[in-house]
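J.: Sequence and predicted model, in that order:
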Amino acid sequence: MALSLPPESYLWFKTFHIIGVVVWFAGLFYLVRLFIYHVEAAEQEQPIRGAFEQQYGLMERRLANIITTPGMAVAVSCAVGLLVVNPSWLQQSWMHAKLLFVAFLLGYHWLCYRLMGQLQRGECNWSGRQLRALNELPTLLLVIVVLLVVFKQQFPTGAATWLTVGLVVFMAASIQFYARWRRLRAEREAAHAG
């Protein structure tokens, strides 16, 4: 017996899939930013360091468990619904590529939970700089997935695509350079003050 869904099912699945993706990515973007603050709190003296670490840990858990993971669950479950409504998409190469990048995102989500646990236990060996670089990964994956969904079989490889990729890389590099500049400036100011 075949599953029969109402005609508007596609639109409902699509609506909640988009909402889930937006919530999921908002959480992923901010979660790693909190990790950066958490790691950098270790540079503070006690009791400030302990208070910051405790507060960041609480914020991380709440963000991950109340926003990020539920957003992922909605996005993935509605994506399954979309594939049930449109099973022919599973025969198309753009969907294979999209699912591969979504698998990378799920791996990134898992890595965030792993890092969060390490931070909670005081065992995280990642530097703020490494976490800043990690924080750029979901942006790149988001751009690729959106391009795949919008263009499907006609994935663009022209100048506009490379310009978009270049802008994303430029933004990521700019953030890294700004963070380095800020850190070096703070070190110089501390050296002059001391």
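T.: Received it, and whenever you're ready, just let me know what you need.

J.: When you work out contacts or count neighbours from here on, use the C-alpha atoms and nothing else.
T.: Will do.

J.: so how many other residues sit close to Cys112?
T.: If you count neighbours by other Cα atoms under 10 Å, Cys112 ends up with 19.

J.: Who are the contact partners of it?
T.: Leu31, Val32 (Cα atoms under 8 Å, 6 or more residues apart in numbering).

J.: change it to 10 Å
T.: Taking Cα atoms under 10 Å, 6 or more residues apart in numbering as the criterion, Cys112 is in contact with Leu28, Leu31, Val32, Phe35, Glu60, Ala64, Leu106, Gln118, Leu134.

J.: nearest residue to Leu115 other than its sequence neighbours?
T.: Spatial nearest neighbour of Leu115, excluding adjacent residues (Cα to Cα, 6 or more residues apart in numbering): Cys124 at 6.6 Å.

J.: What count of nearby residues applies to that neighbour?
T.: 15.

J.: Start the count at 115 instead of 1 going forward.
T.: Okay, using 115 as the starting number, the last item reads as Cys238.

J.: I'd say it and Glu154 touch.
T.: No: Cys238 is beyond contact range of Glu154, at 11.6 Å (criterion: Cα atoms under 10 Å).

J.: could you dump the contacts of Cys226 to TSV with distance to Val260, pLDDT and secondary structure?
T.: Shown next, in TSV, are the contacts of Cys226 (distance: Cα to Cα, whole Å; pLDDT from 0 to 100; DSSP: H, G, I helix; E, B strand; the rest coil):
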residue	distance to Val260	pLDDT	secondary structure
Leu142	16	96	helix
Leu145	21	97	helix
Val146	21	96	helix
Phe149	26	97	helix
Glu174	27	97	helix
Ala178	23	97	helix
Leu220	16	97	helix
Gln232	32	96	helix
Leu248	20	94	helix
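
J.: Which one of the residues you listed is nearest to Leu261?
T.: Nearest to Leu261, judged by Cα to Cα, of those is Leu220 at 18.6 Å.

J.: so who does the closest residue to Ala140 other than its chain neighbours touch?
T.: Once flanking residues are discounted, Ala140 sits nearest to Thr182: 7.4 Å by Cα to Cα, 6+ apart. For Thr182, the contacting residues are 134-145, 175-176, 223, by Cα under 10 Å, 6+ apart.

J.: Okay, Leu248 and Leu119: tell me how far apart.
T.: Distance of Leu248 to Leu119, given as Cα to Cα, to the nearest Å: 40 Å.

J.: Who are the contact partners of the residue nearest to Leu229?
T.: Applying Cα under 10 Å, 6+ apart, we find Cys238 in contact with Phe149, Val153, Arg228, Leu229, Met230, Gly231, Gln232.

J.: Where neighbours are concerned, which of the residues you listed has the most?
T.: Neighbour counts for these, by other Cα under 10 Å, peak at Phe149, which reaches 27 neighbours.

J.: now that one: how far from Ser241?
T.: Taking Cα to Cα as the measure, Phe149 falls 10 Å from Ser241.
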